[in-house]
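> sequence and predicted structure below; questions after.
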Amino acid sequence: MIKLEQVSRVFPGSEVPAVVDLTMTIGDGEVCVLVGPSGCGKTTTMKMINRLIDPTSGKIYVNDQDTSKIDPIALRLGIGYVIQEIGLFPHMTIAENVATVPREKGWPRDRINQRVDELMHLVGLNPGTYRNRLPADLSGGQRQRVGVARAMAADPPILLMDEPFGAVDPITRARLQNEFLRLQEQMKKTIVFVTHDIDEAIKMGDRIAVMRDGRLVQYEEPDKLLSMPADDFVATLVGRNRSIKRLHLIKVNDVVQNETPFVTPEASVDEIRSAMEERKTNTVLVVNAVNKLQGVISRAELKGVEGARAAQIAQPVQNTVEWGATLNDALAVMLNYGERYVAVVNSREELKGVITLNYLLDLVRDDAAA
Amino acid sequence: MRQRNRVLGWTVMPLFLLACGAFTIYYFVENPGGAMAARLLIYPNVFKLIQQHVLLVVVSSLLAIATALPLGILISRPRFRTLGLVVENVVNVAQTVPSLAVLALAFTFLGWGFNTAVFALWCYSLLPILRNTYAGIRSVSPSILEAARGMGMTPGHILGRIELPLATPIIMGGIRTAVVINVGTATLATFIAGGGLGDLIVTGIGVRRTELILAGAILSAVLAILLDHLLSQAEAEFG
């Protein structure tokens, strides 16, 4: 648990304090997102937790210990720290970067090596391929993953993340966010996450702290922040299209429609037609015996292929989202591929169901009406 | 490929430069261009002068590295930031003093000889190394340093594992500059009886013998290129 009590910070030579009288508590296993415009004091607040910056007044407690009484080095070794990909050490290999904290803690070499491999697997980088590469050889998204792996190296209970997914394109960012949320479900770390992007805040946060001019304006769960903004500033920040923003909060897992029309790869054209009739749709998915998604067939493709089997007609499905993605991701994929549905698959490419555009529209409409 | 370039860098180029030097010595000893020059241009004498020259350069450069590197690190520490600015400016002004003047001043205080020459060369080569060490460490991106601090690295480890490795190319640049300048400046040591290849050049000017001047000049040039090459090779190897 992290507790801030009336914390203020004034930078020397500055009239305006960067953080004023901030009091908040971050519960164990919770993702707390600090959000606000640049200069609102969110990064300063975060850096006061691991004492990169010392508060001018007030107290900060980590697990009920007053941080001003802990040696800063010891404190930081127990708190993972992720900043944008530029924080990787450019002269060290990926493995060396990830090994930073264990090395500082003086772990034996075997244990470090084992831990590095484990972490690289965890963030989806094959150690065999990437261990000895330099950060410059990696893509932006891969570098961010290394940053996350590095912060988790010694398995700290607390992570501080300063715009950790800031420097990548939107699609990569969404993927990294989803992966991270999935990891967090297992890890249950206490996370302080800084971003200026309200969408990211809503998606990542269990609780969101909106800051402005060094003050905490509202500290609320995302759902409540959307429905009950404390003042005009928060209302403007979360925007007018709040019901669309809520799509960030809903996971495809919770709303996936499983009564999807599908046929086996061996199905004949007649069988495909009757499957369409039965469900009154123009497309069916092709799924094999172990539930793997093989392709999609639309009504137009059925012309002049009498006698063929479903496997031969099926087109590859690109408009898929992974289990754990949000409805916003699903919408983005629909728009990307110009389709009125997305197929939801798990990591083994097994079909879990579909989500249709109509469903999303109903959801947003109901929400606006409520 | 990289491996091959490395091996070539340690063998072919140094051997070629040594061959150039050997040929120069052979040529001028065999063709001294007159009886007067012939007395200086004999193998034992030329080798002695080269040895003196190398000794002047190596000793003064090593001493300069041993002083300027720690000093540069010291003034790059945040608590000495203001001192750093002062030193940097002093260094920039001091660099404008001609090398001959440094030598002459050192002579006034310390008298003749090898040690005085080493002292003057040391003074003169402190500056590029100090400046580049300071600049190199300061050039490390603040976000990298902050990441290191934020993860709990100790100041000593940040210096040894982050700052110095990242500053190495710039520091090595300073050392190479200092050494190359030193090889040239060491030819002036002859004025205060410090020996070295300057003996050939200055005598050559005195007795108007082009052969002597050329022999001294070419050999110091080859020496400068050789040392510079070896240093860049070492940088690629260990940097």
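That came through fine.
> now residue 235, nearest residue through space, not along the chain?
Went with chain A since none was named. Distances taken as Cβ to Cβ, 6 or more residues apart in numbering or on different chains place residue A:229 nearest to residue A:235, at 4.1 Å, with adjacent residues excluded. The way it works is simple: take the backbone N, C-alpha and C, and place the C-beta from them, glycine included.
> wrong chain, I was asking about chain B
residue B:172 (4.4 Å).
> so that neighbour touches residue B:231, yeah?
Yes - in terms of Cβ atoms under 8 Å, residue B:172 counts as a neighbour of residue B:231; the distance is 6.7 Å.
> list the contacts of residue A:280.
With Cβ atoms under 8 Å, 6 or more residues apart in numbering or on different chains as the criterion, no residue contacts residue A:280.
> and the residue nearest in space to the middle of chain B, what are its phi and psi?
The residue lying closest to the centre of chain B (Cα atoms, centre = their mean) is residue B:179, at 1.1 Å. Dihedral pair for residue B:179: phi -70, psi -40, per degrees, to the nearest 10.
> show me where pLDDT drops low in chain B?
Applying pLDDT under 70 to chain B flags the ranges B:1-2, B:239.
> and it, which residues reach chain A?
Within chain B, the positions lying close to chain A (Cβ under 8 Å from any Cβ of the partner chain) are B:141, B:143-144, B:146-154, B:157, B:161-162, B:165-166.
> let's see that with 10 Å instead.
With Cβ under 10 Å from any Cβ of the partner chain as the criterion, chain B meets chain A at residues B:140-155, B:157, B:161-162, B:165-166, B:168, B:239.
> can you list the buried residues in stretch A:245-263?
Across stretch A:245-263, burial judged by 16 or more other Cβ atoms under 10 Å in any protein chain shown covers A:245-249, A:251-252, A:256, A:260-263.
> what is the end-to-end distance of it?
35 Å (Cα to Cα, to the nearest Å).
> repeat that for stretch B:135-149.
OK, stretch B:135-149 end separation, Cα to Cα: 20 Å.
> off-centre distance for it?
28 Å (Cα atoms, centre = their mean, to the nearest Å).
> ditto for stretch A:299-316
The answer for stretch A:299-316 is 38 Å, by Cα atoms, centre = their mean.
> first vs last residue of it, how far apart are they?
First-to-last residue span, stretch A:299-316, Cα to Cα: 15 Å.
> buried residues in the host helix or strand of residue B:29?
Counting by DSSP states H and E, the element that carries residue B:29 is helix B:2-30. With burial defined by 16+ other Cβ under 10 Å, the residues of helix B:2-30 counted as buried are B:9-10, B:13, B:17, B:20-21, B:24-25, B:28-29.
> need those residues in TSV (columns: distance to residue B:88).
Shown next, in TSV, are the buried residues of helix B:2-30 (distance: Cβ to Cβ, whole Å):
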residue	distance to residue B:88
B:9	33
B:10	35
B:13	35
B:17	35
B:20	38
B:21	37
B:24	40
B:25	42
B:28	44
B:29	47
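> related to what we said a few turns ago, and the residue nearest to residue B:235, what element?
Assigned by DSSP H and E, residue B:172 falls in helix B:164-185.
> show me the helices in chain B, by range?
Taking DSSP state H as the criterion, chain B contains helices spanning B:2-30, B:35-40, B:43-76, B:81-94, B:99-110, B:114-138, B:142-150, B:155-157, B:164-185, B:198-207, B:210-238.
> quick check, distance from the longest one to the centre of its chain.
Just to be clear, that refers to helix B:43-76. On the basis of Cα atoms, centre = their mean, helix B:43-76 sits 6 Å off its chain's mean C-alpha point.
> before we move on, what about the last one?
The chain centroid and the centroid of helix B:210-238 are separated by 10 Å under Cα atoms, centre = their mean.
> report the residue ranges of every domain in chain A.
Using automatic domain parsing, the domain parsing of chain A gives A:2-246, A:253-369.
> winner for burial among the ones you listed?
Compared across those, domain A:2-246 shows the largest average neighbour count, a mean of 18 (mean count of other Cβ atoms under 10 Å in any protein chain shown).
> quick one: end-to-end length of it, please.
End-to-end for domain A:2-246, by Cα to Cα: 28 Å.
> state the mean pLDDT of that domain.
For domain A:2-246, mean pLDDT is 90.
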